[in-house]
Structures are given as structure tokens and as C-alpha cells.
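S.K.: What follows is a protein structure lacking sequence information:
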């Protein structure tokens, strides 16, 4: 099956600094990737849709200047949390959209990144 | 707008028994996809099973099967011969057909505990 990697798996940063999370589709090209945030014991909350070569589409309530998304190639999307605050501490998950032919699409998920802001 | 509802926040089952997780959804579309994802303690999202709305036959994957009732907009997951490794959060999800955006709409999840 299709594999999506995410790096780092866990990062601790100081308040006010920025941190970058990478999401890579390892064995397929993904024109579309998604970034989710998950709070403990809750479902996945879509933050933004990342499209290769164009600006990301952010969900309502998500600050685009704080969560910078860059989808520079067909296999890599990055999420940069700028000027991080303790309330940004969370589990961030990316996924890549895989086209299986016809109108068949499926999202494959990365293993997630735990961000702790101190 | 589409919505997905999972009405069982938590469930438990004895090892080797069968359990059914419920999911209902709301959409005005005729063609779409439905998914069940598993999220174990590692938090890696794993696709369990997928159903295309245009297919009348219920999808099966080994011990996992679905009961897809299109008219009732119901999509339940049956796990047979439950194993300890099935302990996880289970999320039901909806995707529009064509999926040019490929957005998944998730339910709130059901926490399943398999007891020895």
C-alpha cells in the first residue's frame, strides 16, 4: 500500500520559536495533501488542504499566517508553526491523496507529529 | 453539508466475540465513498475498510465487514472474532465522489476495548 512519512515524530520547542513538520508520500505522487490537528480523545480536525504549486486552502478559524503550508513538490508538503505558543501543543497528522483510477481516491495518513511548546 | 455521526463513544467486547460499531451520515449526494479507519494507541491512522455507495454488495476484509444501508444512510462496522489488537479508536468517514478535493469528513469516533 501507499506510504506516507512524517518528520519529526516528536518535537519540543520554546514559546516564540517556529517549527517545521514535513510530510512525504514515499511511493506515489500526491497533488493534494491534508493537515489535521488532533486533541486528546477527539477526532481529527482538518486544518488545511495543501495543493502542489498553489496556495493552501485553510479551514475556517485556522490562522494561515500562523500555520504556514508549503507544497513545493508532488511528494512533499510542510507545515510550519510560527511563533509557537503552549496552546499550539497538539498532535498533527498529515495525509496524502492517492488516486486509484477513475473517480477512486483515498487518503493515506502519516504517523503524526507530537508538538510540545514549552 | 455532509455530517457523520457515531453515537457510541465507547464500547467493549470480549476476545473472540463479535461487535458492531454504528455510523450514520447525512448527504444529498448519490455517489460517494465511506470508510472505517482504526487508530490504535500508536495513533497511526489505518484504513480498515472502504465502501463505494454505488455498490450494493457490502464490503468485507477478513474479520471486518460492513452493513451498508444507503436509504437509511447507515454504515456499521462488524468485527468478528475480536482480537486484543483490535483495541483502538475507530472513525467512520465520508468522502464525496469525484473527490477532486478528496476531503474526508470524520465522525467523533468510537473507542473499542477488547478484553481478554
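M.R.: Yep, that arrived. This is a predicted model, so every value here is computed, not measured.
S.K.: quick one: contacts of the helix or strand of chain A with the lowest mean pLDDT?
M.R.: Within chain A, no helix or strand scores below strand A:105-109, which has a mean of 89 by mean pLDDT, DSSP states H and E. For strand A:105-109, the external contacting residues (C-beta atoms under 8 Å, 6 or more residues apart in numbering or on different chains) are A:1-4, A:25, A:34, A:93-100, B:33, B:37, B:44-47, B:50, B:95, B:99, B:102, B:104. In this view, the C-beta of every residue, glycine as well, is placed from N, C-alpha and C.
S.K.: list the contacts for the residue most central in space within chain A?
M.R.: Nearest to the mean C-alpha position of chain A, by C-alpha atoms, centre = their mean, lies residue A:35 at 3.3 Å. Residues near residue A:35 by C-beta under 8 Å, 6+ apart: A:23, A:46-48, A:50, A:67, A:69, A:77, A:79, A:92-94.
S.K.: residues contacting residue A:24?
M.R.: Residue A:24 makes contacts with A:4-7, A:75-76, as judged by C-beta under 8 Å, 6+ apart.
S.K.: Show only the entries of the residues you listed found in strands.
M.R.: A:4-7, A:76 (DSSP state E).
S.K.: Just send these back as a markdown table, with neighbour count and pLDDT too.
M.R.: Shown next, in a markdown table, are those (neighbours: other C-beta atoms under 10 Å in any protein chain shown; pLDDT from 0 to 100):
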| residue | neighbour count | pLDDT |
| --- | --- | --- |
| A:4 | 25 | 96 |
| A:5 | 15 | 97 |
| A:6 | 20 | 98 |
| A:7 | 14 | 97 |
| A:76 | 17 | 95 |
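S.K.: Adding distance to residue A:17, write these out as a markdown table.
M.R.: A markdown table is the format used below for these (distance: C-beta to C-beta, whole Å):
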| residue | distance to residue A:17 |
| --- | --- |
| A:4 | 26 |
| A:5 | 24 |
| A:6 | 20 |
| A:7 | 18 |
| A:76 | 22 |
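S.K.: how about the longest strand along chain A: buried residues?
M.R.: Secondary structure of chain A per DSSP E: the longest strand is strand A:90-99. Within strand A:90-99, the residues that count as buried by 16 or more other C-beta atoms under 10 Å in any protein chain shown are A:90-99.
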